[in-house]
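K.L.:
This is a predicted model, with the sequence first.
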Amino acid sequence: MTPSRTRIKFCGLTRERDVADAVAAGADALGFVLWPGSKRCVDEARLAALAAQVPAFVTRVGLFVDASPEFVQRASRHLDLLQFHGDETPSFCAQFGRPWIKALRMRDDLDLHAAAAAYDGAQALLLDAYRPGVPGGTGETFDWSRIPASLAKPVILAGGLTPDNVAGAIERVRPFAVDVSGGVEAEPGVKDPGQLSAFAAAVAEADRKRPA
Ligand SMILES: O=C(O)c1ccccc1NCC(=O)[C@H](O)[C@H](O)COP(=O)(O)O
């Protein structure tokens with residue numbers, strides 16, 4: 001499938017004003033980190049408040065890192081899509097009967113074709129940088145040439161994207177969507193409205209230059 005435009009997911013939102021700014025900038029999806037080890041973590045009450053502010057047709061994504069099934073189940077009341085960022089198995093991810101995606105950290109030995117086959121129930125694979133001991137939000141890029149031109153699942157490209165490098169990433173990878181957290185922040189968990197708009201503008205510009 002060749003999408004007509006690159007979707008945008010802004011991740012790690014913690015504040016109402018950032019949700020409003022991200023939607024105004026043109027977000028297709030907003031990510032809420034539900035892992036207590038993150039500076040961007042929101043608790044269930046914050047999640048409920050932020051999720052209630054998201055308009056129709058903008059996807060509310062919850063990020064989990066090896067969470068308990070009970071927690072995922074409870075949080076999913078406020079979510080449209082589940083994103084699993086830890087060592088969750090395909091059957092763990094599928095047990096909630098909700099749409100889900102799997103984040104894969106690009107360790108040197110990761111076989112993407114095998115992962116796409118294993119996680120065949122996923123709606124997409126989110127490819128992120130690998131740093132030992134850090135499940136996500138590293139602010140680091142990885143070698144995009146490792147992503148095959150054709151994969152059995154749509155690719156969401158993440159890891160160290162910024163308004164300055166996202167156009168090159170789109171040109172190189174042609175992902176279904178791009179995901180950014182640190183590259184549009186003033187500090188962890190605090191988005192910068194100018195960076196959100198600049199990122200969305202860079203994506204739109206890259207799409208305009210994309211061959212038909
Ligand atoms: O952002 C976090 O703190 C985080 C913690 C644990 C798991 C995932 C986390 N973020 C996941 C994301 O989807 C980020 O957007 C993605 O890793 C890219 O982050 P960045 O490199 O900062 O753009």
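P.N.:
Thanks, I have the structure now.
K.L.:
what's the nearest residue to Thr141 if we skip its chain neighbours?
P.N.:
Of all residues not flanking Thr141 in the chain, Gly160 sits nearest, at 3.6 Å (CB to CB, 6 or more residues apart in numbering). From N, CA and C alone the C-beta is placed, and that goes for glycine too.
K.L.:
buried sites along the longest helix seen in the chain?
P.N.:
Using DSSP state H to define each element, the chain has its longest helix at helix 193-209. Going by neighbour count (16 or more other CB atoms under 10 Å), the buried part of helix 193-209 is 193, 195-200, 202-203, 206.
K.L.:
Please apply the same query to stretch 98-113.
P.N.:
100-106, 112.
K.L.:
Over to stretch 3-22?
P.N.:
Within stretch 3-22, the residues scored as buried using 16+ other CB under 10 Å are 6-14, 18-19, 21-22.
K.L.:
Strands along the chain, start to end?
P.N.:
All strands of the chain, identified by DSSP state E, fall at 7-11, 29-33, 59-64, 81-84, 100-105, 125-128, 155-157, 177-180, 185-187, 190-191.
K.L.:
Would the shortest one count as contacting the ligand?
P.N.:
Spelled out, it's strand 190-191. No - contact of strand 190-191 with the ligand (CB under 6 Å from any ligand atom) is absent, the minimum separation being 11.4 Å.
K.L.:
by contact count, what packs against that strand?
P.N.:
Identification of packing neighbours for strand 190-191 by 3 or more CB pairs under 8 Å, 6 or more residues apart in numbering; DSSP states H and E yields helix 16-25.
K.L.:
does any bit of the helix it packs on sit next to the ligand?
P.N.:
No - Helix 16-25 stays clear of the ligand (CB under 6 Å from any ligand atom), getting no nearer than 12.2 Å.
K.L.:
From the contact counts, what lies against that helix?
P.N.:
Against helix 16-25 (3+ CB pairs under 8 Å, 6+ apart) you get strand 29-33, helix 44-52, strand 190-191, helix 193-209.
K.L.:
tell me which parts of this protein are close to the ligand?
P.N.:
Residues of the chain lying close to the ligand by CB under 6 Å from any ligand atom are 11-12, 31, 33, 35, 38, 40, 63, 65, 85, 128, 135-139, 158-161, 179-183.
K.L.:
give me that answer again for 5 Å
P.N.:
Within reach of the ligand by CB under 5 Å from any ligand atom, the chain has these residues: 11-12, 33, 35, 38, 40, 85, 128, 135-137, 139, 158-160, 179-182.
K.L.:
Could you measure from Leu47 over to Gly37?
P.N.:
The gap separating Leu47 from Gly37 is 16 Å, by CB to CB, to the nearest Å.
K.L.:
Neighbour count: these two, which is higher?
P.N.:
Leu47 (23 against 10; other CB atoms under 10 Å).
K.L.:
surely that one meets Val33?
P.N.:
No - under the criterion of CB atoms under 8 Å, Leu47 makes no contact with Val33, lying 9.6 Å away.
K.L.:
Quick one: residues contacting Thr138.
P.N.:
Counting by CB atoms under 8 Å, 6 or more residues apart in numbering, Thr138 makes contact with 128-129, 131, 159-160, 182.
K.L.:
Read off the pLDDT value for Pro3.
P.N.:
Per-residue pLDDT puts Pro3 at 74.
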